[in-house]
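> Quick one, what's the 3D model for this:
(chains A and B)
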Amino acid sequence: AQSVSQHNHHVILSEAASLELGCNYSYGGTVNLFWYVQYPGQHLQLLLKYFSGDPLVKGIKGFEAEFIKSKFSFNLRKPSVQWSDTAEYFCAVNAVRDDKIIFGKGTRLHILP
Amino acid sequence: GAGVSQSPSNKVTEKGKDVELRCDPISGHTALYWYRQSLGQGLEFLIYFQGNSAPDKSGLPSDRFSAERTGGSVSTLTIQRTQQEDSAVYLCASSLAGAKGVDTQYFGPGTRLTVL
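Take a look at the predicted model:
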């Protein structure tokens, strides 16, 4: 069965620090990959997605993620975080042959002002 | 509408009662998903509707859970004989049919269910 693993459950950083959140999945076929974000009191929303092409994808608010097929990874990065990035981040994977998305358990990011 | 809407936003019920949760997807979105979000557990897939096809019910945790989608639009998730472990936030999402696999999902605000 497919699974998604987010290694960090809770991350605390100071403003201007660099961020990398890990995401690994278990599925050998073609995948669509997503990062969703849930800001406090708001809906889940798409941060970025990878379907095909350049494995380095850029999303909103300066976030980017790199798909490394050989490592089954899709890590999220931001060079300099802001207090407003405090949120919960979810990695999600869709096997293209399927109609379901499997979500990771989420990473709570807390940025200290 | 402008986005996915869900009602009620909060529901407190007593153990053993039935509850109905409603989802209004974005107009024109053919795919509709229900998830359950528990603290620290991520999003658990419950059920998926695509157009007029039979729904994928593979994520429903027990036969107390059911869902329907009328006219390819509004969906209702019903939980019968609620148990305390059903307490969670129930999220609905809709999307356009992707050319390959699932496309971007647009989430509603969720219904927070508390079973006493």
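
> excluding its backbone neighbours, what's nearest the spatially most central residue of chain B?
When CA atoms, centre = their mean is applied to chain B, the residue found nearest the centroid is residue B:34 (2.8 Å). What sits nearest to residue B:34 in space, not counting adjacent residues and going by CB to CB, 6 or more residues apart in numbering or on different chains, is residue B:46, at 4.2 Å. Glycine gets a C-beta too; all of them are placed from N, C-alpha and C.

> Over to that neighbour. Which of the three states is it?
Per DSSP: H, G, I helix; E, B strand; the rest coil, the local secondary structure of residue B:46 is strand.

> how about it, what does it touch?
Going by CB atoms under 8 Å, 6 or more residues apart in numbering or on different chains, residue B:46 touches B:33, B:34, B:35, B:36, B:59, B:60, B:61, B:65, B:67, B:77, B:90.

> ditto for residue B:19
So residue B:19 contacts B:11, B:13, B:78, B:79, B:82, B:113 (CB under 8 Å, 6+ apart).

> who wins for neighbours among the residues you listed?
Tallying neighbours with other CB atoms under 10 Å in any protein chain shown puts residue B:79 at the head of the contacts of residue B:19, with 24 neighbours.

> Surely it and residue B:15 touch.
No: using CB atoms under 8 Å, residue B:79 is not in contact with residue B:15, being 11.4 Å away.

> Show me what from chain B comes close to chain A.
Contact residues, chain B versus chain A (CB under 8 Å from any CB of the partner chain): B:3-4, B:31, B:33, B:35, B:40-43, B:45, B:48, B:50, B:56, B:58-59, B:91, B:93, B:98, B:100-105, B:107-110.

> These in helices, which ones?
The members of the residues of chain B next to chain A all map outside helices under DSSP state H.

> Poorly predicted segments of the chain, please.
Let's take chain A. A:1 (pLDDT under 70).

> Please refer instead to chain B.
Residues of chain B that meet the cut-off, pLDDT under 70, sit at B:1, B:98-99.

> what about the strands in it?
B:5-7, B:10-13, B:19-24, B:31-37, B:43-50, B:65-69, B:75-79, B:88-95, B:106-107, B:111-115 (DSSP state E).

> Filter the contacts of residue B:46 down to the buried ones, ChimeraX style.
Provided next is the ChimeraX selection string for whichever of those are buried by 16 or more other CB atoms under 10 Å in any protein chain shown:
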select /B:33,34,35,36,59,60,65,67,77,90
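
> which two in the contacts of residue B:46 are spaced the farthest apart?
By the measure CB to CB, B:33 and B:61 form the most distant pair in the contacts of residue B:46, at 15.3 Å.

> Can you tell me the number of residues neighbouring residue A:47?
Residue A:47: 22 neighbours (other CB under 10 Å).

> Could you please name the strands the helix or strand where it lies pairs with and the direction of each pair?
Using DSSP states H and E, residue A:47 sits in strand A:44-50. Using DSSP bridges, the strands paired with strand A:44-50 are strand A:31-38 (antiparallel).
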